[in-house]
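> sequence and predicted structure below; questions after.
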Amino acid sequence: MVSEGKLDVSAVKGQWESFLIQTVDGNLVVAGSDKRGTIYGIYDISEKIGVSPWYWWADVPVRKSESLYVKAGKYIQPSPKVKYRGIFINDEWPSFGGWASAQFGGLNSKMYSHLFELLLRLKANYF
C-alpha cells in the first residue's frame, strides 16, 4: 500500500510508538512506526469497539454492538509525551504472590500473559 501510494506513513515513520489508522480501498489499515506502535493501534481499535483494557482484571464487561462503523479518513496517534510508561509491583509477596498462586499456580507465564496484555492495552512499555 505504501509503495503503491495508497498509504502515506510519513507522519509516523521514524517515530517512537506512534500509529495511524486509515481506511484504504474499503479496508481498515493500522500502521505503526514500530512494533509497539502497531500493537497500540490494534488495541486502540479494540477499545473503541467496546473492549476495556480492564476487561479481565476488573471484570469490565465488553460492550456489544449490532453494527460497527468506521469514519473515512486518517487518524494519527503521535509519539507519547512520556517515553517510558508502566508499573512497578513492590508487594510481590504475600499479596501479589498469593493472588498469583491462587489464580495461576504461581508467578508464571500464565499470570504474566494477562499482565503484559493489560500493559499493552494501556499503552505501557515498562514493567
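Thanks, I have it.
> quick check on the closest residue to residue 52 other than its chain neighbours: phi, psi?
Spatially, and ignoring its direct neighbours in sequence, residue 52 is nearest to residue 60 (3.9 Å; C-beta to C-beta, 6 or more residues apart in numbering). Heads up, the C-betas are built off the backbone N, CA and C, glycines and all. According to degrees, to the nearest 10, the main-chain angles of residue 60 amount to phi -80, psi 120.
> roughly how far apart are residue 60 and residue 69?
Look at residue 60 and residue 69: by C-beta to C-beta, to the nearest Å, they are 23 Å apart.
> quick one, which of these two is more surrounded?
Neighbour count, other C-beta atoms under 10 Å: between residue 60 and residue 69, residue 60 has more, with 13 against 5.
> hang on, isn't the more buried one packed against residue 54?
Yes: in terms of C-beta atoms under 8 Å, residue 60 counts as a neighbour of residue 54; the distance is 4.6 Å.
> what is in contact with the two at once?
Taking C-beta atoms under 8 Å, 6 or more residues apart in numbering as the contact definition, residue 60 and residue 54 share no neighbouring residue.
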